[in-house]
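Engineer: here is a sequence with its predicted model. Questions after.
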2 protein chains.
Amino acid sequence: MRERDVIKLLRERLPIGDDCAVIPFRKTHLLLTTDMLHRRTDFPDGLTPYTMGWRAVAVSLSDIAAMGGKPLGVVIALGVPQFEQKFLEEFLDGALACCTACQTKLLGGDTDRHSELTVVTTALGEAPKPVLRSGARVEDLVCVTGDLGRTAAALQLLEERDFEQANELLRFLPRLREGQALAPLASSMIDISDGLARSLYLLSEASHVGFRLDATAIPFALEVEELARDQEELFEMGLFFGEDFELLFTLPQEKLLDARRACEFTVIGRVAPKDKGITMQLGAESIILPDRGYEH
Amino acid sequence: MRERDVIKLLRERLPIGDDCAVIPFRKTHLLLTTDMLHRRTDFPDGLTPYTMGWRAVAVSLSDIAAMGGKPLGVVIALGVPQFEQKFLEEFLDGALACCTACQTKLLGGDTDRHSELTVVTTALGEAPKPVLRSGARVEDLVCVTGDLGRTAAALQLLEERDFEQANELLRFLPRLREGQALAPLASSMIDISDGLARSLYLLSEASHVGFRLDATAIPFALEVEELARDQEELFEMGLFFGEDFELLFTLPQEKLLDARRACEFTVIGRVAPKDKGITMQLGAESIILPDRGYEH
């Protein structure tokens, strides 16, 4: 079975479909999200333990951000082949620093010996009005925070042994401030953990809409523009690679001014009818954005 | 580093020390707990996927029970070497059945490919008055729910290839009803995940007290009494083995009648001054209960 089929199987049995589980509680909503990361797939050689700890926490807090939530706390389950004091301390420093940067707390966890380094972070959050993936309406604006392709650039820098800049790029700050500021305005939202293209397809499925992007409007990270040798590589790194953890959201046209006042972002297209599919205007041409992206 | 040293390191940096993290929220408390289980250490050969799913959920709900909490939901991160449909479906059936038995819901999770089967469950709960490990007072009664040694018995049955009875014993029902009923009465509480002896030492550290147990009062599971060849083996299976997930709690003497009305349990001793240590009366003899138990 491929991961996608597994998710399909789980969807038939569990109430999943957004970045977090949503639990109505005392006139508000609790948000709960869990993420599993491994040495082999998620922590390439050259990552410092500090960056691993930061990133493990940031990945889960990004899910809270994607629903417009405020974090209430994080717990970590950590499986390591050997308990090494230096590794553990640096890992913990990174995890704690990310929590502090996000004004939340690392509250505890579980440790275990494990053949492969495995980290599972769980974040708890709260949102009076969680933003779902299912609210996009035709003619809404399509927007992203920040710029795209940072993780792809970082991995290339790791290969070129530019460890310092790579680690810095990988310690992204979850878009919690932006998520909360946009929560009263956005009609749908998701974090780009599987690449822009795949994230658009997820929004499309949940909202039963298509999208029409403008290639010239898409904000690529400076590092990606420097590293990419041609347009094809630029799109590969910025649209399909994944793990950027920016927020992708839709916005009713009349909320644009309020949203501009709330935080920085870029308008990259419009919501289209479902039968138009997901397309990108590239010069005179309109190309269909293929449904592929990063599979964890 | 041994697991105990790791926990010590984590304790210096994180606010840990109870079965769950406690988050004050809107005049009540949210409880958050995460547990990592592996094929090698936690799922011995002979366990069915259904039992694995049940047990993964039950372990975390037991932590909610240990603080007197009511569960609000569970999420699971699952790493498997191969996504096999039959395994996944049975695992999910077990996890869902345990949630249903505990009147809570499986809300979602994360999946990933992993060299060793790895399951991390996280439970969210609520408790108006969470019962901590730190509230035991000298002369309080020491009590346990249910009987001890079921997991030790189950593992022996697995070795004897009596898979059906072993699996049944391992699908324990978390003591949520008892935990909530005892929450207004108990002075301290913990779930026995590391064996009775180790759990007493954890309560002792947190509450700064000792304990005086009566060996004749300790309720051993029928299966353990049948399987143990002598008293030494009986104690080994019932006091030191761990993973029983019964509740160990202390109770002010004057609350005994109320507690008896609230749920079933056994009084096994009394809280003693710290300097008396943790002892067990065995006939005319008083022996010191050694601080050892199951290390995950």
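Structural biologist: Perfect, I can see it now.
Engineer: which residues of the stretch 101-250 of chain A score low on pLDDT?
Structural biologist: Low-confidence segments of the stretch 101-250 of chain A (pLDDT under 70): none present.
Engineer: give me the residue from it nearest chain B.
Structural biologist: residue A:107 (3.4 Å; C-beta to the nearest C-beta). Using the backbone N, CA and C atoms, a C-beta is placed for each residue, glycine as well.
Engineer: I'd say residue A:72 and residue A:103 touch.
Structural biologist: No - counting by C-beta atoms under 8 Å, residue A:103 is not a contact partner of residue A:72; they are 10.7 Å apart.
Engineer: which of these two has more residues huddled nearby?
Structural biologist: Between residue A:72 and residue A:103, residue A:72 has the larger neighbour count (other C-beta atoms under 10 Å in any protein chain shown), namely 22 against 10.
Engineer: give the contact list for that one.
Structural biologist: A:30, A:104, A:124, A:125, A:126, B:23, B:25, B:30 (C-beta atoms under 8 Å, 6 or more residues apart in numbering or on different chains).
Engineer: let's see 7 Å
Structural biologist: A:104, A:124, A:125, A:126, B:23, B:25, B:30 (C-beta atoms under 7 Å, 6 or more residues apart in numbering or on different chains).
Engineer: report the contact partners of the third one.
Structural biologist: Read it as residue A:125. A:20, A:31, A:64, A:69, A:70, A:71, A:72.
Engineer: could you rerun that using 10 Å?
Structural biologist: A:20, A:22, A:29-33, A:60-61, A:63-65, A:67-74, A:104, A:176, A:179-180 (C-beta atoms under 10 Å, 6 or more residues apart in numbering or on different chains).
Engineer: again with the last one
Structural biologist: For residue B:30, the contacting residues are A:25, A:30, A:72-73, A:124, A:126, B:20-24, B:69, B:72, B:124-127, B:130, taking C-beta under 10 Å, 6+ apart as the criterion.
Engineer: ok, now the first one?
Structural biologist: Taking C-beta under 10 Å, 6+ apart as the contact definition, residue A:104 lies against A:57, A:61, A:64, A:70-74, A:98, A:123-125, A:174, A:176.
Engineer: kindly report the same for the fifth one.
Structural biologist: When the contact criterion is C-beta under 10 Å, 6+ apart, the partners of residue B:23 are A:72, A:73, A:105, A:107, A:124, A:126, B:29, B:30, B:31, B:32, B:124, B:126.
Engineer: relative to residue B:212, which of these is nearest.
Structural biologist: residue B:31 (30.6 Å; C-beta to C-beta).
Engineer: render the CA-only coordinates of the helix or strand where the closest one lies in CSV, please.
Structural biologist: Taking DSSP states H and E as the definition, residue B:31 sits inside strand B:28-38. The C-alpha coordinates for strand B:28-38 follow below in CSV (Å, rounded to 0.1, in the frame of the first residue of the first chain):
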residue,chain,number,x,y,z
THR,B,28,-10.5,23.3,34.6
HIS,B,29,-7.4,21.4,33.6
LEU,B,30,-6.4,19.8,30.4
LEU,B,31,-4.3,16.6,30.6
LEU,B,32,-1.9,15.6,27.8
THR,B,33,0.1,12.4,27.7
THR,B,34,2.2,10.6,25.0
ASP,B,35,3.6,7.1,25.0
MET,B,36,5.9,5.4,22.6
LEU,B,37,5.6,1.6,22.0
HIS,B,38,7.8,-0.7,19.8
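Engineer: from residue A:48, how far out is residue A:114?
Structural biologist: Noted for residue A:114: a distance of 20 Å to residue A:48, by C-beta to C-beta, to the nearest Å.
Engineer: so those two - more neighbours on which side?
Structural biologist: residue A:114 (25 against 20).
Engineer: residues in contact with that one?
Structural biologist: A:38-39, A:77-82, B:36, B:38, B:40-41, B:79, B:114-116, B:118.
Engineer: pLDDT at residue A:271, what is it?
Structural biologist: We have a pLDDT of 98 for residue A:271.
Engineer: surely it and residue A:248 touch.
Structural biologist: No - contact between residue A:271 and residue A:248 fails when scored by C-beta atoms under 10 Å: they sit 11.8 Å apart.
Engineer: shared neighbours of those two, which are they?
Structural biologist: By C-beta under 10 Å, 6+ apart, the residues touching both residue A:271 and residue A:248 are A:142, A:188, A:203, A:211.
Engineer: can the helix or strand where the third one lies be said to contact chain B?
Structural biologist: It refers to residue A:203. According to DSSP H and E, residue A:203 maps onto helix A:196-207. No - using C-beta under 10 Å from any C-beta of the partner chain, we find that helix A:196-207 stays clear of chain B, coming within 14.2 Å at best.
Engineer: against residue B:68, how distant is residue A:93?
Structural biologist: 34 Å.
Engineer: between these two, which one's more packed in?
Structural biologist: residue B:68 (28 against 16).
Engineer: so who does that one touch?
Structural biologist: Going by C-beta under 10 Å, 6+ apart, residue B:68 touches B:29, B:31, B:125, B:127-132, B:176, B:178-186, B:189, B:247, B:249.
Engineer: can you pull out the helices in the stretch 51-200 of chain A?
Structural biologist: Using DSSP state H, counting those that start in this stretch, the helices of the stretch 51-200 of chain A run over A:85-101, A:150-159, A:163-170, A:176-182, A:196-207.
Engineer: does residue A:99 touch residue A:176 like I think?
Structural biologist: No - the pair residue A:99 / residue A:176 is not scored as a contact, 11.3 Å apart, by C-beta under 10 Å.
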